[in-house]
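Visitor: build the 3D model from these lines:
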Amino acid sequence: MATSTSLGRTHEVDLPGGRIRYHDTGEGPPVVFIHGLLVNADLWRKVVPGIAAAGHRCLAPDLPLGSHEIPVPAADLTPTGVADLIAAFLERLDLRDVTLIANDTGGAITQVLLARNRSRIGRVVLASVDNYERFLPPPLNVLPGLARIPGSLRPLTEAMRWRALHRLPIGFGWVAKRPVPPEIADSYLLPSRRSAAIRKDLRRLLRTLKNDYTLQAAAHFAEIDLPVLVVWAREDKFFPASCAERLARDFPNSTLRFIDDSYTFLPEDQPELLTTAILEFTRLHATP
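Guide: Numbering: from 1, shown residues only. Sure, this is the predicted structure:
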């Protein structure tokens, strides 16, 4: 579970297939933050305070993507299933005209959601996300095959006990330009290390991650007239600038911005610049 107090109060909500935790702070138009694989809402700990201070209600769920603490054995953990879980979260909390902000794998799931059910979404921020053929990107695209081998995840999760490995590509070395603080790394990595049930959830998810989902979602981009901010780490090691440019071309109502001195985890490496970009976008596209 995410641990940062800057995310606000922690709540739980029952959704189809299981219960999830989420964090809630601030008042005003709702902003929902979608994290990616093997992290949780702590990814947004340095962004949420600025968005909330600007007059927004900020909600950051801990989605069942491998760093959650409540197992969801009955949940559909395909990308479409997780997209539907997010849609159910918005409906259960009766959130409307939502600004949805996504990073990394969470961006791929958000694209699937936009193609399936965008009725409660008012605008979208895709911040360095999986896309098109790059879901998962190399070298992480070996993980779905690895997850099909019984017992394969336990050695990986155990290896992450060694903090020296966190700076390698298999850890956080290619997603965060600067070291992830130890307590945040623990927040991300301990659930799958400690719980066989969480590893089972993670294995079920990983087996399904393939670019069929993002390519099928992309076939609907031309129909999506919502305002979309594509904000990208110029030095991203997984998703080159051409991915951002392609997304910006394919969404009919898009804005493209690049941020320097960051890898994929923009909320970790450049939270102030990302916060500024988000607030400029929400002000520009505020509902009258």
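
Visitor: what's the span of stretch 29-46, first residue to last?
Guide: Distance across stretch 29-46, first residue to last, is 19 Å (CA to CA, to the nearest Å).

Visitor: meant to ask about stretch 228-246, not that
Guide: Start-to-end, stretch 228-246 (CA to CA) is 13 Å.

Visitor: average pLDDT across it?
Guide: Mean pLDDT, stretch 228-246: 97.

Visitor: so where's the stretch 151-288 of the chain shaky on pLDDT?
Guide: 155, 158-162, 164-170 (pLDDT under 70).

Visitor: now do the stretch 1-150 of the chain
Guide: Along the stretch 1-150 of the chain, the model assigns pLDDT under 70 to residues 1-2.

Visitor: from what I see, residue 180 and residue 263 are in contact.
Guide: No. Contact criterion CB atoms under 8 Å: residue 180 and residue 263 do not qualify, at 11.1 Å. All C-beta atoms are positioned from the backbone trio N, CA, C, and that covers glycine.

Visitor: and the residue positioned nearest the centre of the chain, how close does it get to residue 212?
Guide: For the chain, the residue nearest the mean C-alpha position is residue 35 (2.3 Å; CA atoms, centre = their mean). Separation of residue 35 from residue 212 (CB to CB, to the nearest Å) stands at 22 Å.

Visitor: so which residues of this structure form strands?
Guide: Secondary structure of the chain, counting by DSSP state E: strands at 9-15, 18-25, 30-34, 57-62, 98-104, 121-129, 228-233, 254-259.

Visitor: can you count the residues close to residue 212?
Guide: Neighbour count of residue 212, defined by other CB atoms under 10 Å: 11.

Visitor: distance of it relative to residue 85?
Guide: Residue 212 is 19 Å from residue 85, where distance means CB to CB.

Visitor: please apply the same query to residue 278.
Guide: 23 Å.

Visitor: again, but for residue 235
Guide: 32 Å.

Visitor: ok, residue 60 next?
Guide: Where residue 85 is concerned, residue 60 sits at a distance of 15 Å (CB to CB).

Visitor: higher neighbour count, these two?
Guide: Neighbours were counted for residue 60 and for residue 85 using other CB under 10 Å; residue 60 has more, 30 against 23.

Visitor: and the closest residue to the more buried one other than its chain neighbours, what does it touch?
Guide: Excluding its sequence neighbours, the residue lying closest to residue 60 (CB to CB, 6 or more residues apart in numbering) is residue 41, at 3.7 Å. Under the criterion of CB atoms under 8 Å, 6 or more residues apart in numbering, the neighbours of residue 41 are 2, 4, 7, 22, 23, 33, 35, 60, 61, 62.

Visitor: wait, the residue nearest to the centre of the chain touches residue 65, no?
Guide: Yes. The pair residue 35 / residue 65 is scored as a contact, 7.0 Å apart, by CB under 8 Å.

Visitor: now the common contact residues for those two.
Guide: Going by CB under 8 Å, 6+ apart, residues that sit against residue 35 and also against residue 65 are residue 106.

Visitor: residues in contact with the residue nearest to the centre of the chain?
Guide: Neighbours of residue 35 in contact, by CB under 8 Å, 6+ apart: 41, 43, 44, 60, 62, 63, 65, 103, 104, 106.

Visitor: equivalent analysis for residue 71, please.
Guide: 18, 195, 197, 198, 200, 201 are the contacts of residue 71 under CB under 8 Å, 6+ apart.

Visitor: and those residues, which of them are in helices?
Guide: Using DSSP state H, 197, 198, 200, 201 are the members of the contacts of residue 71 that sit in helices.

Visitor: mind putting these into a markdown table with distance to residue 267 and neighbour count?
Guide: Formatted as a markdown table, those follow (distance: CB to CB, whole Å; neighbours: other CB atoms under 10 Å):
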| residue | distance to residue 267 | neighbour count |
| --- | --- | --- |
| 197 | 28 | 15 |
| 198 | 23 | 23 |
| 200 | 28 | 16 |
| 201 | 23 | 24 |
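
Visitor: hang on, residue 42 packs against residue 189?
Guide: No. Between residue 42 and residue 189 there is no contact under CB under 8 Å: 11.4 Å.
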